[in-house]
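**Q** what shape does this take:
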Amino acid sequence: MTNRKIPLRKCTGCGEMKPKSELVRVILTPEGDIVIDKTGRQNGRGAYVCQSLECLEKAHKSKGLERSLKTSIPQNIYDKLKEEM
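**A** Residues are numbered from 1 along each chain as shown. The predicted model follows:
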């Protein structure tokens, strides 16, 4: 039996490496929209955040999401992301 490799991703808020299944993927779509990717397979540049509002706040304060997505994110997008989480 071979052990299956578990993909790890880094949270942009707290900076911890966690299994991909425990994180939420936020993407910048080719059209320029910023949305939560529930499937984890949508096209676009992705960044990962823990499933807590604390990590989303940390990512907002440290501009971790903006660095990962390579674009500026307005406040109304952060509010929409908080509602969806």
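**Q** residue contacts, the residue nearest the centre of the chain?
**A** For the chain, the residue sitting closest to the mean C-alpha position, by CA atoms, centre = their mean, is Tyr48 at 2.8 Å. When contacts are counted by CB atoms under 8 Å, 6 or more residues apart in numbering, Tyr48 touches 9-12, 20, 23-26. Backbone N, C-alpha and C define where each C-beta goes, glycine included.
**Q** can you map out the helices along this structure?
**A** With DSSP state H as the criterion, the chain has helices at 53-61, 64-69, 75-84.
**Q** which one of those lies nearest to Lys5?
**A** With CB to CB as the measure, helix 64-69 is the member of the helices of the chain nearest Lys5 (22.9 Å).
**Q** pretty sure Lys18 sits against Pro7.
**A** No: under the criterion of CB atoms under 8 Å, Lys18 lies out of contact with Pro7, with a separation of 10.2 Å.
**Q** these two: which is more packed in?
**A** Lys18 (16 against 7; other CB atoms under 10 Å).
**Q** and the gap between the more buried one and Val24?
**A** In this structure, Lys18 and Val24 are 11 Å apart, going by CB to CB, to the nearest Å.
**Q** same question for Ser68.
**A** For Ser68, the distance to Val24 under the criterion CB to CB works out to 13 Å.
**Q** ok, so of the contacts of Tyr48, who is nearest Asn43?
**A** Nearest to Asn43 among those is Arg25, at 11.9 Å by CB to CB.
**Q** now the closest one. Nearest residue, chain neighbours left out?
**A** Among residues not flanking Arg25 along the chain, Asp37 sits closest, at 4.2 Å (CB to CB, 6 or more residues apart in numbering).
**Q** what about that neighbour, how many neighbours?
**A** A count of nearby residues for Asp37, using other CB under 10 Å, gives 17.
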